[in-house]
Structures are given as C-alpha cells and as structure tokens.
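K.L.:
Fold the following and give me the result.
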Amino acid sequence: MWPPASQAGVTDNNHACLMAHADELFAVLVPHVGNIKGGVGFALLSRLVNIARHGDATRRTDDDTIRFAVTTFFAIAFLQSTVDKVVDRQGNLEYLTGHFASSPLRDLAQPMFWAITVLEAIPGVLCGLGALRLLVGCGPGLALWGLLFSLIALLCLFFGQRLAKDYGGAMVITSYYAVAVLA
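P.N.:
Numbers count the residues shown, from 1 in each chain. Sure, this is the predicted structure:
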C-alpha cells in the first residue's frame with residue numbers, strides 16, 4: 001500500500017501516487033548507486049523525483065526538453081533532405097522516376113519531386129527555428145507548428161512509399177511518424 005499524500009510530502013492528491021512511487025524507487029535505488037554504470041539510471045530517477053516534488057513547472061521543462069530533441073531531429077532530417085534535393089536535383093529526380101516506375105504515380109515524378117522538396121523544406125525550417133526558440137526559452141509555438149508540418153510531410157511520404165510498394169521504406173517512415181506523434 002502506497003503511503004497517503006500527507007506522508008509522501010505532497011498536498012495535492014493528484015500527485016500523491018507519483019510521489020509515493022518516486023520516493024520508494026529512490027529509497028530502493030540509493031543503496032545500489034555503485035552498481036549503476038555512469039549514473040544514467042540514477043539521473044533519470046532524480047528527474048522523476050523532481051517531477052513528483054515540483055509538479056507542473058518541472059513537467060513543462062521536461063516536455064520542452066523532449067520537444068527540443070525531437071524538433072532538432074526533424075530539423076536536421078528535413079533540412080538535409082531538402083538541401084540534398086536542391087544540390088543533386090538530377091540524381092534525386094532519376095531515383096524518384098525509377099522508384100515510381102510501376103506505380104500509378106509514374107507520370108508525376110517531376111511534379112512530385114518539387115512538391116516533396118517544398119513539403120520537406122517547410123517543416124525543416126519551422127523545426128529549426130522552433131528548436132532555436134525552445135533553446136532560448138521563447139516557448140514551443142513554432143516547434144509545434146514544425147512538428148505538425150512534419151506529420152503532414154511524413155504522411156505524404158508514407159502514401160508514396162505504399163503506392164510504390166516499397167514496404168520497407170514505408171516502415172522506416174512509420175518509425176519517424178511515431179517519434180513525431182509522441183512529441
């Protein structure tokens with residue numbers, strides 16, 4: 001049985017269970033800190049304790065940290081892809097033409113190329129600027145727009161991979177999509 005909120009040092013009943021869990025985990029792991037290599041598990045546990053003790057402020061900081069990491073990831077992925085499409089336009093166009101040769105989209109390879117380039121540039125720029133704004137503490141607004149446009153771009157890419165019957169490529173895009181949804 002978990003201790004009541006008053007024993008856990010929390011007055012808000014919504015956080016009492018979390019606080020009790022964190023205190024018990026903390027008490028169990030402290031004697032075994034020497035067995036944890038690099039203190040990674042211990043550092044993660046201390047974040048859990050901070051969330052339990054400091055509530056919403058720490059949770060917002062953790063949300064911004066996760067959002068920063070995911071937004072930076074998508075900024076790098078989409079901006080690199082956009083730059084690659086601009087720098088090696090002919091090679092990418094040939095790849096798309098061959099990739100969609102046996103799909104219903106085979107005659108649309110060139111318009112799709114430009115649509116994909118723009119569709120990847122928008123979330124790349126928004127995520128890049130959003131990550132910078134998160135880094136300096138200006139709020140998550142632009143990062144959230146970047147993630148929303150990332151989801152749209154990933155859905156379009158997923159649709160194209162499925163039509164091209166590239167199920168391996170579609171599976172890779174699904175993992176990117178899952179990361180974006182969880183942020």
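
K.L.:
How is the chain partitioned into domains?
P.N.:
Listed by automatic domain parsing, the domain ranges of the chain are 5-54, 63-182.

K.L.:
can you put these in CSV and add mean pLDDT?
P.N.:
Below are these laid out as CSV (pLDDT from 0 to 100):
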stretch, mean pLDDT
domain 5-54, 42
domain 63-182, 92
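
K.L.:
Can you classify the nearest residue to Arg89 once chain neighbours are set aside as helix, strand or coil?
P.N.:
Take Arg89 and drop its neighbours on the chain: the residue closest to it by CB to CB, 6 or more residues apart in numbering is Phe113, 7.9 Å away. The way it works is simple: take the backbone N, C-alpha and C, and place the C-beta from them, glycine included. Assigned by DSSP: H, G, I helix; E, B strand; the rest coil, the conformation of Phe113 is helix.

K.L.:
give me the number of residues near Phe113?
P.N.:
Residue crowding around Phe113 was assessed by other CB atoms under 10 Å; the count is 18.

K.L.:
who touches it in this structure?
P.N.:
Lys85, Arg89, Asn92, Leu93, Leu96 (CB atoms under 8 Å, 6 or more residues apart in numbering).

K.L.:
Give me the helices and strands touching the longest helix along the chain, please.
P.N.:
When the chain is parsed with DSSP state H, its longest helix is helix 56-87. When contacts are defined as 3 or more CB pairs under 8 Å, 6 or more residues apart in numbering; DSSP states H and E, helix 56-87 sits against helix 40-54, helix 109-135, helix 141-163, helix 167-182.
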